[in-house]
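Q: could you look at this predicted model? Sequence included:
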2 protein chains.
Amino acid sequence: MTNSYFPRPVDVKINMATGELDSPDSAYDRKLSQMYTMYEDQEAAQKLLGADPVIYKVYEKKLPELPGELQWCMSVTLPGKVGREYYMTKGHYHSVRETAEIYLCVAGEGYMLMETEQGDVEIKEMRPNTCVYVPAYWAHRSINTGGEPLISFCVYPGHAGHDYGSIETKGFKKRVVEIDGKPVIIDV
Amino acid sequence: MTNSYFPRPVDVKINMATGELDSPDSAYDRKLSQMYTMYEDQEAAQKLLGADPVIYKVYEKKLPELPGELQWCMSVTLPGKVGREYYMTKGHYHSVRETAEIYLCVAGEGYMLMETEQGDVEIKEMRPNTCVYVPAYWAHRSINTGGEPLISFCVYPGHAGHDYGSIETKGFKKRVVEIDGKPVIIDV
């Protein structure tokens, strides 16, 4: 085997029941305190802040952040609610807007909520073995409506980057809340 | 929901036991007659050409072939051998060399064989829930060393394209063959 200036292949084993990697380069928890303002019911959010539950987790390998290259991660949204609203990821646009993302749901149940800055909205059901293509220009958020972790294998272009600020400021146009024991999509 | 000039999200359900999609836009079989010259044992290959077995299958959705966008497919390499050499995909570089690919093995067992035009070679084991990152500039081939289909979920940049010709002409520098009932990696 000769030396090369190119990046070398990387293989990882994934625990699909937990989303954990056998050799993660990065793993982080997103707690309620880091995103509580995004929830509809601020009184319920404040009450939970003492316990500050983990809302979602991300496990990833470090790969080149370059156009043409790819990043991948495992996204694990935990089950739970803030008031009547289901646990969800912060949601983000890509910093480079013209970059897509592919989600393969491997466990759990929920939704992928997507919208564009022009006002388009789409929501797709996430179930094990569902693949959702999030095109370029669409912000996206995972929402867990089930009783188990919602786990997805996610792939996006190396140079995509994450823009959380736009969603923090404006929010999404829809929420998913529990009404009469069932998930219901409502307008904000 | 308003109209938009952007591509819209696409969701698909995958049968992970077969690789089939509930709504494929494209599905093709690669038969031995389309790649028999790639095998080590040309006498064995000629004998099988009458039956012309399917060596691998690909199922995919039609997505934008643009930089920043992503393509994904299911790759299904069937179990079998030509002489002592295991069934394998033709293997390819991307037409746009500076584009990577991510493989998530979902079923079966085998190898991902990779090499660069500069002479680097790497081979990674493929098992269910193994993710292999194939960096930009690396040709790649799936090889099924087991008794069941080797099935992978594959993601690559929208504009990557496929260059099969370079591999057809030069071949890979390694083969995987059965010796004493076990897969062995040999030099060409």
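A: Perfect, thanks for sending it. For clarity, every value in this text was computed on a predicted model and none was experimentally measured.

Q: what segments of chain A are helices?
A: For chain A, applying DSSP state H gives helices covering A:42-48, A:165-170.

Q: and stretch A:105-120, end to end?
A: 23 Å (C-alpha to C-alpha, to the nearest Å).

Q: likewise for stretch A:39-55?
A: End-to-end distance for stretch A:39-55, by C-alpha to C-alpha: 12 Å.

Q: so how far is it from its chain's centroid?
A: Distance of stretch A:39-55 from the chain centroid (C-alpha atoms, centre = their mean, to the nearest Å) equals 19 Å.

Q: what of stretch A:66-75?
A: So, by C-alpha atoms, centre = their mean, the centroid of stretch A:66-75 is 14 Å from its chain's centroid.

Q: rewinding a little: kindly reformat the helices of chain A as a markdown table containing mean pLDDT.
A: Output for the helices of chain A, formatted as a markdown table (pLDDT from 0 to 100):
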| stretch | mean pLDDT |
| --- | --- |
| helix A:42-48 | 98 |
| helix A:165-170 | 90 |
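
Q: and chain B, which of those is closest to it?
A: Closest of the helices of chain A to chain B is helix A:165-170, at 15.9 Å (criterion: C-beta to the nearest C-beta). Just so you know, the C-beta spots here come from the backbone N, C-alpha and C atoms, and that holds for glycine as well.

Q: show residues contacting that closest one.
A: Applying C-beta atoms under 8 Å, 6 or more residues apart in numbering or on different chains, the contact partners of helix A:165-170 are A:37-38, A:90-93, A:117, A:139, A:141.

Q: and residue A:107, what does it touch?
A: Residue A:107 touches A:16-17, A:128, A:148-151, counting by C-beta under 8 Å, 6+ apart.

Q: of those residues, closest to residue A:163?
A: Set against residue A:163, the nearest of the contacts of residue A:107 by C-beta to C-beta is residue A:150 (22.4 Å).

Q: go ahead and confirm residue A:141 touches residue A:121.
A: No. Applying C-beta atoms under 8 Å as the test, residue A:141 and residue A:121 come out as separate, 11.4 Å apart.

Q: so between those two, which is more surrounded?
A: Neighbour count, other C-beta atoms under 10 Å in any protein chain shown: between residue A:141 and residue A:121, residue A:141 has more, with 22 against 17.

Q: tally of neighbours for the nearest residue to the more buried one once chain neighbours are set aside?
A: Counting by C-beta to C-beta, 6 or more residues apart in numbering or on different chains, residue A:141 lies nearest to residue A:91, which is 3.1 Å off, once chain neighbours are set aside. Neighbour count of residue A:91, defined by other C-beta under 10 Å: 22.

Q: ok so, going back, overlap in contacts of residue A:141 and residue A:121?
A: Taking C-beta under 8 Å, 6+ apart as the criterion, residue A:141 and residue A:121 both touch A:113-114, A:172.

Q: among the residues you listed, which ones are in strands?
A: A:113-114 (DSSP state E).

Q: can I get the shared contacts of residue A:141 and residue A:121 in CSV with pLDDT and neighbour count?
A: Shown next, in CSV, are the shared contacts of residue A:141 and residue A:121 (pLDDT from 0 to 100; neighbours: other C-beta atoms under 10 Å in any protein chain shown):
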residue, pLDDT, neighbour count
A:113, 98, 24
A:114, 98, 24
A:172, 96, 20
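
Q: out of the shared contacts of residue A:141 and residue A:121, the closest to chain B would be?
A: Nearest member of the shared contacts of residue A:141 and residue A:121 to chain B, counting by C-beta to the nearest C-beta, is residue A:114, at 5.4 Å.

Q: show me what counts as buried in the lowest-mean-pLDDT helix or strand in chain A.
A: Every helix and strand in chain A was compared by mean pLDDT, DSSP states H and E; the lowest is helix A:165-170, with a mean of 90. For helix A:165-170, a neighbour-count test (16 or more other C-beta atoms under 10 Å in any protein chain shown) marks residue A:167 as buried.

Q: before we move on, back to that, just the shared contacts of residue A:141 and residue A:121 that are near chain B?
A: Near chain B, judged by C-beta under 8 Å from any C-beta of the partner chain, the entries from those are residue A:114.

Q: report how many residues lie close to the residue nearest to residue A:44 when sequence neighbours are not counted.
A: Excluding the flanking residues, the one nearest residue A:44 by C-beta to C-beta, 6+ apart is residue A:83, at 3.4 Å. By the criterion of other C-beta under 10 Å, residue A:83 has 16 neighbours.

Q: pretty sure residue A:83 contacts residue A:45?
A: Yes. With contact defined as C-beta under 8 Å, residue A:83 reaches residue A:45; the gap is 7.4 Å.

Q: shared neighbours, those two?
A: Counting by C-beta under 8 Å, 6+ apart, the common neighbours of residue A:83 and residue A:45 are residue A:39.

Q: can you report phi and psi for the residue nearest to residue A:44?
A: When read as degrees, to the nearest 10, the backbone of residue A:83 gives phi 60, psi -120.

Q: which residues touch it?
A: A:39-41, A:43-45, A:177.
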